[in-house]
Each structure stands twice: as structure tokens, then as C-alpha cells.
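>>> coords please:
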Amino acid sequence: MYARRLSQNFSSKGPNLKSVIPDQSINIEYFNFSKSTLVRRHFSKWSDQGIFKESNPEKTLKLWVRQFEFVCAQRVRRGQQMFTLYSKWWEERALKELMKRLRISCTRNGKELVMTAAGISLYNWEENRIKDQDFQDHLDDLKYIDILKEKTMCLSCENGQKSNSNTNLCKCGTGGITNKTHDNWSPFIEKDDLIVWRRPYGEGLFEYKVYGSYYDVTAEDFLNVQVDTNYRKEWDTTAIQLEIGETDAESDSDILYWEMQWPRLFVNRDYVFNRRYKVFNELKTIIIINKTTNYERFPKYPDKYRVEDYWSCMVIKPYTDVKQPGIEFSLTYFDNPGVNIPSSVTTWVAKSAMPDFLAKMRNASKKYREYCLTRGLTKACQVIQQEEKIRKEEEEKNKLDYCSNERLSLLLANVFEDIQRKANETLLQFRKSDVKHSGALLKSVDQGTLEDVPSQLVSSTIPKESNQNTSFWKYLHPLYYFT
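Numbering: from 1, shown residues only. Below you'll find the model as predicted:
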């Protein structure tokens, strides 16, 4: 960079440094250093020579302000240009990255997108739908539970005598140590409203059979609590993610993705399973069956462990009716958590997770009707809302009918008619008796004296107070006017 003469920076017209020092001749030498250093030296030299002593401070300040504005405007313009340039570069880069991701996504899920747009199912329901025969095979599960209780448990023990630490120990003294099994089923957990059996299934694993009896839950609500995924997200704290991928309305089947929270130091488990339920109205029985399956929309995730071997079957039967409180149920299930987990850990999970889950489900079932009336959106909730609306309308109608003038007037008219009828009958009987007695007395007067009249008739017709002149009864008696 070459140094320029000071006269080239300031014009002769207008307020500038040259007009401030008009009579001074400034000889600027060319140096091989920066412009700021040169200007600083010149200002020091001018200060020593007293150039600014007779200058106008106001003009100097205006000059500096103008120079400052010029520099600031230049810096702002330069910054704006740089911002525009970098923004353009970033937009191009972001656009390229977006197109790249879209291309990868379309390549991976292109089949799914095309079939969804065409309205074609991604799941072969004809082959993978849970068969009707599977439901028939489980219709007698509750009868089998009765056999298990008879074969493997001491039925003489009361609830307070049952052992919580060892279910094979009989404390009433009748059964003693009972290590009985039936079909390899052995008691595992025994509580007031819950009994769990288990038997070996595969290598180091177990399948479980649960029996429960709840007096305060309806079968209809117990079913809806499990089917309504939105409501389950509220009461099931272990369900981190629960989503329905596809639904087959004809068979009441769904494809679900479920991520379950596991204790610390363990990876969460996720499931993709086919769920179907069926209601047998004649038998008053409800059956829900779940089985793992594959679904393209829910691939395996690297940060979760996919459980590929899981199935369950629940049979629900009410005491009286599906809409009345009181149910008993049977749940048979198997879950392979995968990897080599110690048996103590799996036992602890089975003993704590399943009873806690059923307790939460019981509590949620009691509150399901309230949930539907406030914020429920499913078809079951809509039915409950409609029933509640009809019930309230009937109550209002009964209140209005009871308080209506027509019904009240009809009721009063019936009462008055009844009173009038009874009064007329009483008056008629009274008149007949008076006429009869009066005729007998007149006949006796014509034939003789009153002594000939029977004493019973006189005593029955004449009051005792009639002989007393001070009594008012004599004025009311008919014989007073004939004698």
C-alpha cells in the first residue's frame, strides 16, 4: 500500500482539515510504513507547530463526526455483503443436504410410500391375521385355572395364612409342604386377588399363567383400557412409546409398536406385535391375543433391543354381565427378553412388573368412564358419552313429568274423586239408617207409648246426652221435632 498526499484526501471546498489550516504548506514525504502511522506523525507535527490553536472546535467536531459516519457505513456495508455471501453458501449446502436425505429416505421407504398413497395395506392380513381357531383353543382357560388351583394349591388356607415368600408352604397345617405341580405348572406368586403359575419354556425361560378376580371392574372397561392406546399412554408409565401402525376393522386387529422401559443398566425393549380381540356374547367371554410380527414401518433401532418372541392370551369373563362390576380373568404369556440375563433379574422383573402392571390396569379401568366423559375420542368412549347423554335426558324428562301441571292436576282429580265417592257412600248409609230408625219410632208412637219400643233401638238412636236440656245434640236428632 502506497501513501497518498494529504491534499488528495480533502477537497478545497467544504469543511475539512485543509480548510482548517489554509495557510500552512505541508510537505509529505513518502514512507514505507502504514498510513495510520503516517497520519499520526503528521498530527503530532501539526500539534507541535500550533496548527490547531486558532481552529474552530465546532468545525473540527463536525468533521470527525462525518468521518466516523463514513467509516461506520462502510463497515456495515461490508458486513452485510459478507452475511449475504455466507448465507447463500449455507442455503446451497443445506439444500443439498436436504435433497440427499430425501433421496435416501425415498430409496429406503419408497415401497411403503407408494403403497400408502395407493391405499394398499403394507401388511398381509390374510396370512398373518390371528386365526379364529386360536380363540376357540382358549375358551376353557378359566376352567383349567380351577384345575390348577385344585392340583397345586392348598385351598384350606385363608388369605391371612398364605405365605408371601414361599408359595409352596402351607401355613394352615392341612397341606404341609406342597411341591405339587400340574402339567409342569407350579405356583409362583400368590396374593389376595392374584395368583401366578409358571413352567419351563425353552432354555432357562418360563411361561406364566395369571389368574385374577376383581369385584370393582366391569369386563367392558377392562377390555377398553387395553385397546385404547391413547388412554394407556396416561396410566402405563412403562410405555415410553405406543403407536398403532395399521388396523383391520373387519377382524378388530391392530399392528402395534410398543417400547417398554427397563431398569437402569439395561436397554429398553421394543415390540412389534399383532393384536386381535373377540367378544363371545353368548358365552359372556372376551379374549385378547397378542403375537409378535414384522412390519416395515417399524424397523429395528440400534439403541433398543427388539423382542422377537412374545405372545399372550387374556380371557375375561364377568360375574353377571359385561356392563356390571365383577370379573375374573386368565392371562397366559411368554416373553423372551433376549441376551443372557441372570435368572434372578428375570425373576425379579416377573414378580414386580406383572403385578404392578395389573394393579395399574385395575385402577385405570375404574377411571375409564370418567376419562371417556371428559376427553375420550375412541368409539367406545363415544358410546359411553351417548349413554350418559340419554341417561341425563331421561332424568330431566322424569323431573319435568313429575312437576308438570297436567300430571299434578290428574293426580289431584283422582284424589278428589276418591274422597267424593267415599263421602257420598258414607252420607247415603247415614241417611238410610236415619230413615229406618225414624220410621220405626213413628210407628210405635201411633200404636202406643215409647215404652213399647225396644230398649236397644232407643238406646241406639237417642244419645245419652239427649235427656239433658243443656246438650246441643238434641237439636240435631230427628225425633226432637216429632215429640
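
>>> all helices for this structure, in order.
Under the criterion DSSP state H, helices of the chain are mapped to 6-9, 17-20, 35-49, 57-117, 125-128, 132-137, 141-152, 219-227, 229-235, 343-366, 368-375, 379-403, 405-447, 455-461.

>>> so who does residue 197 touch?
Contacts for residue 197 (Cβ atoms under 8 Å, 6 or more residues apart in numbering) come out as 148, 152, 185-188, 208-210. Just so you know, the C-beta spots here come from the backbone N, C-alpha and C atoms, and that holds for glycine as well.

>>> and if we set it to 7 Å?
Residues counted as contacts of residue 197 (Cβ atoms under 7 Å, 6 or more residues apart in numbering) are 148, 152, 185-188, 209.

>>> same check, this time on residue 239
So residue 239 contacts 232-233, 258, 260 (Cβ under 7 Å, 6+ apart).

>>> buried among the contacts of residue 197? Make that a PyMOL selection.
Buried subset of these, written as a PyMOL selection, criterion 16 or more other Cβ atoms under 10 Å:
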select buried, resi 148+152+185+186+187+188+209
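
>>> and which of the contacts of residue 197 is nearest to residue 303?
Nearest to residue 303 out of the contacts of residue 197 is residue 188 (Cβ to Cβ; 32.2 Å).

>>> let me know whether the closest one touches residue 199 as I believe.
No: counting by Cβ atoms under 7 Å, residue 188 sits too far from residue 199 to count as a contact (9.4 Å).

>>> quick revisit: of the contacts of residue 197, which belong to strands?
Counted as lying in strands by DSSP state E, out of the contacts of residue 197, are 186-188, 209.

>>> possible to save these as JSON lines with pLDDT?
Compiled in JSON lines, the ones in strands among the contacts of residue 197 are given as follows (pLDDT from 0 to 100):
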{"residue": "186", "pLDDT": "91"}
{"residue": "187", "pLDDT": "91"}
{"residue": "188", "pLDDT": "89"}
{"residue": "209", "pLDDT": "94"}
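
>>> make CSV from these and add distance to residue 345 to it.
Shown next, in CSV, are those (distance: Cβ to Cβ, whole Å):
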residue, distance to residue 345
186, 20
187, 21
188, 16
209, 21
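
>>> closest to residue 57 among these?
Nearest to residue 57 among these, with distances taken as Cβ to Cβ, is residue 188, at 99.0 Å.

>>> how much space separates that closest one from residue 197?
6 Å (Cβ to Cβ, to the nearest Å).

>>> likewise residue 361?
From residue 361 to residue 197 the distance is 19 Å (Cβ to Cβ).

>>> do the same with residue 269
For residue 269, the distance to residue 197 - Cβ to Cβ - is 23 Å.

>>> quick check: end-to-end length of stretch 230-242?
End-to-end span of stretch 230-242 (Cα to Cα, to the nearest Å): 8 Å.

>>> which positions in it come out as buried?
231-232, 235-236, 239, 242.

>>> low-confidence stretches in the stretch 251-400 of the chain?
For the stretch 251-400 of the chain, residues meeting the criterion pLDDT under 70 lie at 339-340, 399-400.

>>> the stretch 51-200 of the chain too?
Looking at the stretch 51-200 of the chain by pLDDT under 70, you get 51-56, 104-121, 155-179.

>>> and with 90 instead?
51-129, 150-183, 188-194 (pLDDT under 90).

>>> how is the protein divided into domains?
6-55, 128-366, 424-481 (automatic domain parsing).

>>> do you know how far residue 143 is from residue 292?
28 Å.

>>> same question but for residue 365, I mixed them up
In terms of Cβ to Cβ, residue 365 sits 26 Å off from residue 292.

>>> who's more crowded, these two?
residue 365 (24 against 16; other Cβ atoms under 10 Å).

>>> what segments of the stretch 151-300 of the chain are strands?
For the stretch 151-300 of the chain, the strands defined by DSSP state E, counting those that start in this stretch occupy 186-190, 194-200, 206-218, 239-248, 253-260, 269-280, 285-292.

>>> to residue 428, which of those strands lies closest?
strand 206-218 (61.3 Å).

>>> which other helices and strands contact the closest one?
Applying 3 or more Cβ pairs under 7 Å, 6 or more residues apart in numbering; DSSP states H and E, we find strand 206-218 packed against strand 194-200, strand 325-335, helix 343-366.

>>> which residues touch the last one?
Residues lying outside helix 343-366 but in contact with it, judged by Cβ under 7 Å, 6+ apart, are 189, 191, 194, 196, 204, 208, 210, 212, 214, 216-217, 221-222, 225, 235-236, 337.

>>> now do the second one
Taking contacts as Cβ under 7 Å, 6+ apart, the residues outside strand 325-335 that touch it are 141-142, 145, 201, 207-219, 222, 307, 310-320.

>>> what do you get if the cut-off is 6 Å, keeping everything else the same?
141-142, 145, 201, 207-219, 222, 310-319 (Cβ atoms under 6 Å, 6 or more residues apart in numbering).

>>> now residue 135: how far from residue 150?
26 Å.

>>> over to residue 271?
35 Å.

>>> buried set for stretch 273-289?
273-278, 285-289.

>>> ok, stretch 79-92 next?
Buried, per 16+ other Cβ under 10 Å, within stretch 79-92: nothing.

>>> please apply the same query to stretch 217-233.
Quick answer for stretch 217-233 (16+ other Cβ under 10 Å): 217-229, 231-232.

>>> repeat that for stretch 376-392.
376, 380-381, 384-385.
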